[in-house]
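Engineer: below are the sequence and a predicted model for it; my questions follow.
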Amino acid sequence: YVQSHILLGLDRSLDCWCCSILNDSDFALGVDSWNCLQALLKCIGRGIASSFLASQACGALGLIYVLTSAVTASFQLGLKPDVLILEG
């Protein structure tokens with residue numbers, strides 16, 4: 001949730017920069033402001049990269065847990081793999 005709001009804010013800042021370039025024809029100022037915006041985007045991107053990695057790792061562990069639990073439950077109920085394949 002927080003990551004999506006951060007990315008939406010970055011998207012809006014990029015949109016505002018594009019609108020300011022279209023409204024003001026001062027491209028020298030546009031280059032300077034782009035350098036600042038690019039530095040901001042890189043800094044924030046590096047900052048939230050670890051949280052994306054952590055959320056992907058938690059999602060992968062959750063998927064492994066659910067799949068393992070499903071297989072364990074099916075063996076405890078006495079379901080045979082060939083019956084599941086024919087019925088499924």
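Structural biologist: Great, that's in hand. Numbering: from 1, shown residues only.
Engineer: other residues contacting stretch 58-70?
Structural biologist: By Cβ atoms under 8 Å, 6 or more residues apart in numbering, no surrounding residue is in contact with stretch 58-70. C-beta here means a position set from N, CA and C on the backbone, and glycine is covered the same way.
Engineer: so for it, mean pLDDT?
Structural biologist: Averaging pLDDT along stretch 58-70 yields 94.
Engineer: and the gap between Asp24 and Asp11?
Structural biologist: To Asp11, Asp24 is 21 Å away according to Cβ to Cβ, to the nearest Å.
Engineer: again with Leu77
Structural biologist: Leu77 is 48 Å from Asp11, where distance means Cβ to Cβ.
Engineer: got it, and Lys42?
Structural biologist: Counting by Cβ to Cβ, the separation of Lys42 from Asp11 is 15 Å.
Engineer: so where's the protein shaky on pLDDT?
Structural biologist: 79-88 (pLDDT under 70).
Engineer: mind checking the longest helix of it?
Structural biologist: The longest helix of the chain (DSSP state H) is helix 27-76.
Engineer: and the residue lying farthest from the centre of the chain, helix, strand or coil?
Structural biologist: Distance from the C-alpha centroid of the chain peaks at Gly78, with 39.6 Å (Cα atoms, centre = their mean). Here Gly78 is recorded as coil under DSSP: H, G, I helix; E, B strand; the rest coil.
Engineer: the residue nearest the centre of the chain and Ile44: what is the separation?
Structural biologist: Nearest to the mean C-alpha position of the chain, by Cα atoms, centre = their mean, lies Phe52 at 5.8 Å. Separation of Phe52 from Ile44 (Cβ to Cβ): 12 Å.
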